[in-house]
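S.K.: model this:
(2 chains)
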Protein chains: 2
Amino acid sequence: MQEINKISILGAGNVAFHLGKAFAEAGKKVVQVYSRSESSASALADSLHAPYCTGISEVLPGSDLYLLAVSDDAIKEVAGKLTLTNELVVHTSGSRSLGVLKGVSSNTGVFYPLQTFSKNRQADFRKIPVCIEANTGNNAGMLYRLARAVTGKVYFFDSETRKALHLSAVFACNFTNYLYSVAESLLAEHDIPFEILVPLIEETAAKAAEHAPSSVQTGPAMRRDKRIIDEHLRMLEGDPSLSELYRKISEMIIKKHHVNGEL
Amino acid sequence: MQEINKISILGAGNVAFHLGKAFAEAGKKVVQVYSRSESSASALADSLHAPYCTGISEVLPGSDLYLLAVSDDAIKEVAGKLTLTNELVVHTSGSRSLGVLKGVSSNTGVFYPLQTFSKNRQADFRKIPVCIEANTGNNAGMLYRLARAVTGKVYFFDSETRKALHLSAVFACNFTNYLYSVAESLLAEHDIPFEILVPLIEETAAKAAEHAPSSVQTGPAMRRDKRIIDEHLRMLEGDPSLSELYRKISEMIIKKHHVNGEL
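M.R.: Below is the predicted model:
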């Protein structure tokens, strides 16, 4: 089985940035960076000591891997403009199927790191799960070896399973962050600094690493504390949408945890 | 100003357990533990090398502080049975006002540690915010000194502000944990282990320590990615309540972050 050494990175956003760095640290060679945006392309290329291009037709053939780290919507468009034949091409999206790369090359796959990346935050890549899918066993094996070079956690999922994972991440990450921002607004109304909530937020997340979340649910709804729930709904009266959200989640918690599940 | 040294703890749950331990480590003397449940009372008392009682009439006078670490609903009842006159009595609840202790003693207060405690998890008390309220400046000062002995983070809030903080914690902690449990169920349907989400959950929480959550919102709703949102709603079709929750939070994210906020 061939080893992946020479990697071309298409895209220069957060995923490209963190994956590129992890590949370089694992001794892989990033041979070219492509991005429509010259400033993004050159910034990433500089950090990886690699050349860059801003035209898709300038992407050179002959790499062991073409990593499409572009936005979900751009995958099909960018991949469609590549003039490759047998080179291995992968995308990095949780929500797009492997099939989106059909016709781009005879060797295709997915290399999906499950993390929320920020440019200004260091990522400890060894702890980040990477989910792999490929159109052949041989490609799956090559991607597995590449993934193992950057992380201790590699999973094989088909597109349907990966989409379910992505959906669960929307609840556990995107929607959770939205709840943090609701708390941020409620605190701001009373001039309470948000930092006061941070230890609680971190402990709640840390608990999820040790206990099934459904087994450690707490709060007024879990206790069926109608008095507090009613008081909270009164406090939220000025924001009907928010009070509806409070009521809905409380009802769902009660329904999940109590046989006779009514508020 | 008198210093609080001798403390009686009423209640033997998680808050009593972690606060008692923090007080003992700060050199305070827990002189008595009360709980209706003999096994809870003796377990906590043993760990603090203190005597215990299971009858409220056996609670001895003369301590510098009576800490009511009982459930919200029990505060009034337990406090009402105490036969004290001038001793300082505090409760530890975020959602109950100071007024609930009226008539119990001429010196009352609140000592609310903002954290979710579990018996089997170590708490680093120095990082836990403690919110104080008292009926006199002198009592506030005494409670402040006690709080500073166990944590670096002390806040003075009146009952209304503390209730707003508690409400915000319901969103950021209780409801967030519920979203984790939604993810847990979605993953279980596809035999995906929950642990795969833990690094993402921890990073999302860690981000909140550095950036205002409203400034780092990501996900399909933030991108207004109608295609993915519709796909997710289809995937949730079998659970109308959950698909409604998905739609509601997505709509709220779009409304918050986009001028023309419609899905």
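
S.K.: Distance across stretch A:154-172, terminal residue to terminal residue?
M.R.: 20 Å (CA to CA, to the nearest Å).

S.K.: And for stretch A:106-117?
M.R.: So stretch A:106-117: terminal residues 30 Å apart, CA to CA.

S.K.: Would you map the strands across chain A?
M.R.: Counting by DSSP state E, the segments of chain A that form strands are A:6-10, A:29-34, A:52-53, A:65-68, A:88-91, A:107-113, A:130-134, A:154-156.

S.K.: Nearest to chain B, out of the ones you listed?
M.R.: strand A:154-156 (6.5 Å; CB to the nearest CB). Yep, even glycine has a C-beta here, placed from its N, CA and C like the rest.

S.K.: Any regions of chain A where pLDDT drops low?
M.R.: For chain A, the stretches flagged by pLDDT under 70 are A:261-263.

S.K.: How about the contacts made by residue A:188?
M.R.: residue A:194 (CB atoms under 8 Å, 6 or more residues apart in numbering or on different chains).

S.K.: now do residue A:100
M.R.: Here residue A:100 is in contact with A:75-76, A:79, A:91 (criterion: CB under 8 Å, 6+ apart).

S.K.: Distance of it relative to residue A:120?
M.R.: Residue A:100 sits 30 Å away from residue A:120, going by CB to CB, to the nearest Å.

S.K.: again, but for residue A:89
M.R.: 30 Å.

S.K.: Next: residue A:110.
M.R.: On the measure of CB to CB, residue A:110 and residue A:120 end up 27 Å apart.

S.K.: Kindly report the same for residue A:64.
M.R.: 30 Å.

S.K.: Could you check which of the two is surrounded by more residues?
M.R.: residue A:64 (18 against 7; other CB atoms under 10 Å in any protein chain shown).

S.K.: Pull the number of nearby residues for the nearest residue to that one once chain neighbours are set aside.
M.R.: Among residues not flanking residue A:64 along the chain, residue A:4 sits closest, at 4.3 Å (CB to CB, 6 or more residues apart in numbering or on different chains). Neighbour count of residue A:4, defined by other CB under 10 Å: 22.

S.K.: cool, residue A:224 as well?
M.R.: 17.

S.K.: Kindly report the same for the one 5 residues further on.
M.R.: By the other CB under 10 Å criterion, the neighbourhood of residue A:229 contains 21 residues.

S.K.: Can you verify my assumption that it contacts residue A:222?
M.R.: No: counting by CB atoms under 8 Å, residue A:229 sits too far from residue A:222 to count as a contact (10.8 Å).

S.K.: Beta-bridge partners for residue A:156, please?
M.R.: For residue A:156, the beta-bridge partners are residue A:132 (DSSP bridges).

S.K.: For chain B, what is the nearest residue in the stretch 51-200 of chain A?
M.R.: Counting by CB to the nearest CB, the stretch 51-200 of chain A gets nearest chain B through residue A:174, at 3.0 Å.

S.K.: Leaving out the residues flanking it, which one is nearest to that residue?
M.R.: Nearest in space to residue A:174, with sequence neighbours left out and distances taken as CB to CB, 6+ apart, is residue B:219 at 3.0 Å.

S.K.: and the one you found, what does it touch?
M.R.: Listed by CB under 8 Å, 6+ apart, the contact partners of residue B:219 are A:170, A:173-175, A:177, B:253.

S.K.: Mind putting those residues into a markdown table with neighbour count and distance to residue B:210?
M.R.: Output for the contacts of residue B:219, formatted as a markdown table (neighbours: other CB atoms under 10 Å in any protein chain shown; distance: CB to CB, whole Å):
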| residue | neighbour count | distance to residue B:210 |
| --- | --- | --- |
| A:170 | 26 | 22 |
| A:173 | 25 | 16 |
| A:174 | 21 | 18 |
| A:175 | 24 | 20 |
| A:177 | 25 | 13 |
| B:253 | 25 | 20 |
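
S.K.: Settle this for me: residue A:131 is touching residue A:93, isn't it.
M.R.: No: with contact defined as CB under 8 Å, residue A:131 does not reach residue A:93; the gap is 10.4 Å.

S.K.: Based on its surroundings, how many neighbours for residue A:121?
M.R.: If we define neighbours as other CB under 10 Å, then residue A:121 has 15 of them.

S.K.: For the residue nearest to residue A:204 when sequence neighbours are not counted, which residues are in contact?
M.R.: Of all residues not flanking residue A:204 in the chain, residue B:173 sits nearest, at 4.7 Å (CB to CB, 6+ apart). Counting by CB under 8 Å, 6+ apart, residue B:173 makes contact with A:200-201, A:204, A:218-219, B:116.

S.K.: could I get the contacts of residue B:219 as a markdown table with distance to residue A:143?
M.R.: Putting these into a markdown table (distance: CB to CB, whole Å) gives the following:
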| residue | distance to residue A:143 |
| --- | --- |
| A:170 | 25 |
| A:173 | 24 |
| A:174 | 26 |
| A:175 | 30 |
| A:177 | 30 |
| B:253 | 33 |
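
S.K.: does chain B sit close to the longest helix along chain A?
M.R.: Longest helix in chain A, counting residues (DSSP state H): helix A:240-257. Yes: residues of helix A:240-257 are located near chain B by CB under 8 Å from any CB of the partner chain, namely A:241-242, A:244-246, A:248-249, A:252-253, A:255-256.

S.K.: before we move on, what about stretch A:192-199?
M.R.: Yes: Stretch A:192-199 comes into contact with chain B (CB under 8 Å from any CB), by way of A:192, A:194-199.

S.K.: for that stretch, the distance to its chain's centre please.
M.R.: For stretch A:192-199, the separation from the chain centroid amounts to 26 Å (computed by CA atoms, centre = their mean, to the nearest Å).

S.K.: End to end on it, go ahead and measure it.
M.R.: The first and last residues of stretch A:192-199 sit 15 Å apart, counting by CA to CA.

S.K.: Quick check: buried residues in it?
M.R.: A:192, A:194, A:196-199 (16 or more other CB atoms under 10 Å in any protein chain shown).

S.K.: swap in stretch A:119-138?
M.R.: A:123, A:125, A:128-135.

S.K.: State the pair within the contacts of residue B:219 that is farthest apart.
M.R.: A:173 and B:253 (12.4 Å; CB to CB).

S.K.: thinking again about what came up before, which among the residues of stretch A:192-199 next to chain B gets closest to residue A:30?
M.R.: So of the residues of stretch A:192-199 next to chain B, ranked by how close each gets to residue A:30 (CB to CB), first place is residue A:198, at 36.0 Å.

S.K.: and the closest residue in space to the closest one that isn't next to it in sequence, how many neighbours?
M.R.: Nearest residue to residue A:198, sequence neighbours excluded (CB to CB, 6+ apart): residue B:209, at 4.7 Å. Neighbours of residue B:209 under the rule other CB under 10 Å: 13.

S.K.: again, but for residue A:29
M.R.: Residue A:29: 15 neighbours (other CB under 10 Å).

S.K.: cool, and residue A:52?
M.R.: Neighbour tally, residue A:52, other CB under 10 Å: 21.

S.K.: contacting residues for it?
M.R.: A:32-35, A:41-42, A:44-45.

S.K.: now do residue A:60
M.R.: A:8, A:31-32.

S.K.: for residue A:114, phi and psi?
M.R.: With angles defined as degrees, to the nearest 10, residue A:114 sits at phi -90, psi 90.

S.K.: Report the spatially closest residue to it, excluding sequence-adjacent ones.
M.R.: Using CB to CB, 6+ apart and skipping the chain neighbours, the partner closest in space to residue A:114 is residue A:129 (4.6 Å).
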